[in-house]
Structures are given as C-alpha cells and as structure tokens.
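1. The sequence isn't on hand, but the structure is:
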C-alpha cells in the first residue's frame with residue numbers, strides 16, 4: 001500500500017506554464033512573484049512509502065573562462081576535475097542549446113527504471129546574482145525547461161524563494177512542482193535554461209545550477225520510504241551546523257539506502273566541511289565516496305555514489321555547485337525509525353537547498 005503525505009503546507013502561487021518560448025516571456029510579467037526569505041527552515045516537501053525510489057538529474061549553469069588571478073589553475077584542468085575555485089576566474093555561461101534567445105543552458109539525463117510511474121517531481125535552481133555584473137532578483141522565480149525531444153516551457157517558482165544578500169554574494173534558490181511534465185515525458189535528457197546567474201569575476205566567484213528530483217513507483221523494486229526536504233540555509237561562521245531529522249521511516253536492519261544533497265557555493269579544497277547521518281541513537285557515519293572526501297564534501301561535484309553522471313557538459317569540477325547522491329547503507333546496519341543528517345561547514349561555508357532520501361522500509 002502506498003502512503004503519501006504529498007506537499008506540505010506551502011502556498012502555491014503559480015503553476016507550470018506549458019507554452020512556447022515567445023509566449024512564456026510575454027506572460028511572465030503578469031505572474032505574481034513568490035515571497036522571498038533570507039533563510040528558509042528545512043521542512044518536508046514530499047513523503048511516500050511505496051515500491052520504487054528516487055531519481056535525479058542535475059547540472060551546472062556556469063563555468064570558468066579566462067584566469068583572473070595569478071593563482072588560477074588552467075580552466076581546462078579544473079573542468080576535467082582538477083583544482084580550481086570560481087573566485088580565480090572570469091566565469092562564463094554554459095549554453096549547450098542552439099536557441100539564440102537563451103544565454104545559459106545545460107542538460108542531464110534522468111534515468112527511470114522501465115515501467116515506472118512518476119509520483120512526484122520537483123525542479124530546484126539557484127545561483128549568485130552579484131559577480132562582475134549584478135542580475136536583478138525579479139528574475140529568480142522563472143526558468144525554462146525542455147523535456148526529452150521537447151521545446152522550452154517556462155516554469156515559475158511556486159513556493160517561498162530563498163534569497164540572501166551579503167557583502168560579497170547575492171545568492172538564491174527557487175523551486176517548482178513539475179510532476180505532470182516529467183510524468184508525461186519519462187526518462188531522457190532534460191535541458192534547463194535561463195537560470196538567473198551572474199557572470200564575470202569577483203573574489204566570491206560565480207556559481208549556479210539546477211537539480212530535478214523525481215520520486216517514482218515501480219512494482220519490481222523494494223518497498224522504500226521516500227522523503228524530500230528543502231529549505232534555504234546559509235551555513236558558515238554565524239551558522240556553524242545544520243541538523244535535519246527524518247522520522248517514522250521503519251527501516252529494517254541491514255537495509256540499503258541513499259541520500260542526495262543540493263548545495264551552492266562549496267569551493268573545492270577550501271571548505272573543510274563534513275556531512276554525516278545517524279540512525280536513531282547510533283553513531284554518526286560520515287558520507288563520503290571516491291569523489292567527495294569526508295572533510296570536503298561540498299567540493300563542486302555532481303555524482304552518484306562517487307561516479308560521474310550523464311550530462312552535457314559533464315564538467316567534473318562545477319566551480320560552486322553540488323548535487324550528489326551518497327550510499328548510506330553503513331548507517332542503516334541496525335535499522336531504525338529516524339535518520340539525522342548533520343551538515344558541518346567548518347571554514348568558508350555554503351548554502352544548503354535540498355535533501356532527498358530513499359531507504360528500504362517495512363510495513
């Protein structure tokens with residue numbers, strides 16, 4: 001039996017607008033903008049207990065260009081996975097489509113098992129508005145998405161939008177329910193364009209990207225607890241840690257599970273940050289893999305269990321955007337009903353936007 005808690009009590013302001021590019025641009029001006037907040041507490045967005053799982057697609061929207069400091073590593077080396085942080089370059093847009101009306105675009109594959117039915121899908125996007133240029137925050141709440149083989153459709157944020165201005169950065173995250181689009185379109189390459197991200201150079205650097213999180217049902221997969229939480233939490237010296245607790249999970253001993261995280265402005269080699277999970281009262285287990293060291297988890301990667309994902313472009317150092325999926329089986333050996341995730345930014349800090357979990361469950 002499927003048990004779904006659906007959406008939490010967040011006001012829906014706008015819906016997905018399925019129109020062509022020219023029409024969406026003209027209709028956007030009339031759409032009411034979601035409320036903004038500099039800090040949004042993490043809260044449950046979706047939950048289900050069903051045979052199935054969670055899939056996701058993600059990519060960055062900006063990358064390095066010419067070096068802007070004498071300490072900058074070669075851009076090509078950084079893109080291939082070498083050292084490099086966004087504050088050392090004049091950052092440039094990624095634009096993989098052939099549409100002259102878009103200035104940034106990137107794509108990534110969503111892979112759903114055969115015969116799956118999409119239960120829920122949510123698109124997250126975010127970036128830094130202040131770099132060599134200053135982008136207007138009025139454009140934070142809109143983005144374009146194209147399903148596999150389809151044309152761009154405008155998506156408008158349907159919930160409170162996180163937007164935090166500091167002396168060095170001007171970062172935001174927005175999100176929208178795109179369940180119908182993904183349910184109708186299924187697996188394949190999704191392209192997201194026109195994320196409101198600034199380019200150029202500043203010591204803080206430019207960063208931005210998107211993540212599509214999809215819960216699905218599939219009778220051939222194990223019974224699992226699925227949970228999606230989101231918010232907008234800046235972590236650093238003034239907010240040294242964030243704990244997110246998921247309860248009523250009914251996880252049996254030796255279960256398998258995974259957790260995904262969306263975060264912004266995590267610099268490779270400079271964060272000295274950590275992420276852990278504990279089941280019930282058990283000891284915390286560091287989430288780490290071959291691509292994400294235990295002391296530098298927010299290190300500008302888009303990976304599944306340490307492996308690169310299928311996307312265009314597939315830069316291995318995203319220079320400030322993280323969307324990673326981790327294996328949490330080692331934390332589930334004794335099972336439990338509650339998982340507690342802890343984010344620890346010990347140095348530079350970053351912004352946390354979403355957390356999604358799947359774990360084998362018992363009735």
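-> That came through fine. Treat the numbers as computed from the prediction; the structure is a model and nothing was measured. Residues are numbered from 1 along each chain as shown.
2. Show the residue spans covered by the helices in the stretch 51-200 of the chain.
-> Taking DSSP state H, counting those that start in this stretch as the test, the helices found in the stretch 51-200 of the chain are 75-79, 179-185.
3. Just the buried residues of the last one, please?
-> So that's helix 179-185. Neighbour-count burial for helix 179-185 flags 179, 181, 182, 183, 185 (criterion: 16 or more other C-beta atoms under 10 Å). Glycine gets a C-beta too; all of them are placed from N, C-alpha and C.
4. so who does the first one touch?
-> Residue 179 makes contacts with 118, 119, 120, 121, 122, as judged by C-beta atoms under 8 Å, 6 or more residues apart in numbering.
5. got it, and the third one?
-> Shown here is residue 182, whose contacts under the criterion C-beta under 8 Å, 6+ apart are 110, 118, 121, 147, 212, 214.
6. circling back: and the helices of the stretch 51-200 of the chain as TSV, adding mean pLDDT and distance to residue 252?
-> Below are the helices of the stretch 51-200 of the chain laid out as TSV (pLDDT from 0 to 100; distance: least, C-beta to C-beta, whole Å):
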stretch	mean pLDDT	distance to residue 252
helix 75-79	97	42
helix 179-185	98	29
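7. what stretches of the chain score poorly on pLDDT?
-> 1-32, 271 (pLDDT under 70).
8. Repeat the analysis, applying 50 as the threshold.
-> The model of the chain has pLDDT under 50 over residues 1-30.
9. For it, which residue occupies the most central location?
-> residue 262 (3.4 Å; C-alpha atoms, centre = their mean).
10. before we move on, the earlier item: now go through the contacts of residue 179 and say which are in strands.
-> Among the contacts of residue 179, the residues falling in strands (DSSP state E) are 118, 119, 120, 121, 122.
11. From the residues you listed, keep the buried residues only.
-> Those of the ones in strands among the contacts of residue 179 that meet the buried threshold are 118, 119, 120, 121, 122, by 16+ other C-beta under 10 Å.
12. Not counting sequence-adjacent ones, nearest residue to the first one?
-> Meaning residue 118. Distances taken as C-beta to C-beta, 6 or more residues apart in numbering place residue 183 nearest to residue 118, at 4.0 Å, with adjacent residues excluded.
13. repeat for the second one
-> Nearest-residue entry for residue 119: residue 215, 4.5 Å, with adjacent residues in sequence omitted and distances by C-beta to C-beta, 6+ apart.
14. Show me what the helix or strand harbouring the one you found pairs with in its sheet, parallel or antiparallel.
-> Using DSSP states H and E, residue 215 maps to strand 208-217. Looking at strand 208-217 with DSSP bridges, its partner strands are strand 40-60 (antiparallel), strand 117-128 (antiparallel).
15. Quick one: closest of the ones you listed to residue 308.
-> When the strands paired with strand 208-217 are compared by C-beta to C-beta, strand 40-60 sits nearest residue 308, at 11.5 Å.
16. quick one: that closest one to chain centroid distance?
-> 10 Å (C-alpha atoms, centre = their mean, to the nearest Å).
17. residues contacting the residue nearest to residue 118?
-> Residue 183 neighbours (C-beta under 8 Å, 6+ apart): 117, 118, 121.
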